[in-house]
Structure formats: structure tokens, C-alpha cells
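1. pasting the sequence and the predicted model now:
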Amino acid sequence: MFVWDDYLALADELSRRSSEENCMRTAISRAYYAAYCSAIAWYEPRYGQVPRPVVNRRKLGLHEALWVAFQDPIHQADKRFYKVGARGDTLRRHRTMADYRLHYTGNMGAQTPTILGTARNLITDLGQM
């Protein structure tokens, strides 16, 4: 079985290898997918398929819906749920910029270590829940 955390190790390696934009963008993307796939693997056995609500007449995509599900008020007794959802949504936004935007907003080289740390913290929180 594939270990999604291995994507985070790859992201670390890429971010250390070079400060070139292609390495930074790929590191951000791999860190996101390490967190996202770890969260899906944690969520679905416990709660079933991630609900995809309609917000402002738009059905949420699966990625956004996962992070919304973690922030659902039914989990408010355990603040880690909200934290996982908030961190995941932050990572999703960075991954979207890294994968799809011609110009990355902010200093990618300076932000990449923080983004990778956010993914690491999210995965750690999942392991403690």
C-alpha cells in the first residue's frame, strides 16, 4: 500500500535540492497531496464518503469539501478537527497557485518551508486524533 507521507519526504527533498521555481512548485504540490490523501485516508473509514455541499449555488469540489468537512461544527469538541480543516484549506490554496497560476503570489522560496511545515503538522494532528 502506498504511504502518502512519502510525498512529504519528496517535497522536503525537492525544496532542499534547489531554489528553482519548478522544484518549489512541485514541493508545494507534493506536500499538499501528502496532507490531502492522508486526510482522506483518515476521514473516510470513520465518516464515509466526504459530503459535497452546495455553497452559493456551487457544489464544492472534493478537495475543498474535505477541508470544510473537518471544520464542520459537529466536531467542535475536538479543536484538532478545525485545525486540520483550516490547515488543509491553506495548503489547497497554495497548491492551486503552485500548480495553476502563472505568477505565484508572495515569495515562493520563503513560503515553501512554512507550507511544508503546515503539511507536516496536519499529518501529525491526524495521527493524534
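-> Perfect, thanks for sending it. Numbers count the residues shown, from 1 in each chain.
2. give the rounded mean pLDDT of the lengthiest helix in the chain.
-> For the chain, the helix that runs over the most residues, judged by DSSP state H, is helix 21-47. Helix 21-47 shows a mean pLDDT of 94.
3. after that helix comes which helix or strand?
-> Next helix or strand after helix 21-47 toward the C-terminus (DSSP states H and E): strand 54-55.
4. what's that following strand in contact with?
-> Residues from elsewhere that reach strand 54-55 (C-beta atoms under 8 Å, 6 or more residues apart in numbering): L60. Where you see a C-beta, it was placed from the backbone N, CA and C, and this is true even at glycine.
5. helices or strands up against whichever helix or strand comes after that strand?
-> Going down the chain from strand 54-55, the next helix or strand is strand 58-59, by DSSP H and E. Helices and strands touching strand 58-59, by 3 or more C-beta pairs under 8 Å, 6 or more residues apart in numbering; DSSP states H and E: there are none.
6. averaged pLDDT, strand 58-59. What do you get?
-> On average, strand 58-59 scores 80.
7. tell me how far it lies from the chain's centre.
-> In this view, strand 58-59 has its centroid 20 Å away from the chain centroid, taken as C-alpha atoms, centre = their mean, to the nearest Å.
8. give me the contacts around that strand.
-> So strand 58-59 is contacted by R52, P53 (C-beta under 8 Å, 6+ apart).
9. who does it pair up with?
-> strand 54-55 (antiparallel) (DSSP bridges).
10. D89 reaches W67, doesn't it?
-> Yes: in this structure, D89 is within contact of W67 by C-beta atoms under 8 Å, at 4.1 Å.
11. neighbour count winner among the two?
-> The neighbour count for D89 versus W67, taken as other C-beta atoms under 10 Å, is higher for W67 (24 against 17).
12. what sits against the more buried one?
-> A39, V84, G85, A86, G88, D89, R92.
13. please narrow those to those residing in helices.
-> Using DSSP H, the contacts of W67 in helices are A39, V84, G85, A86, G88, D89, R92.
14. so can I have JSON lines of the residues you listed showing distance to A98?
-> Shown next, in JSON lines, are these (distance: C-beta to C-beta, whole Å):
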{"residue": "A39", "distance to A98": "18"}
{"residue": "V84", "distance to A98": "20"}
{"residue": "G85", "distance to A98": "20"}
{"residue": "A86", "distance to A98": "19"}
{"residue": "G88", "distance to A98": "15"}
{"residue": "D89", "distance to A98": "15"}
{"residue": "R92", "distance to A98": "11"}
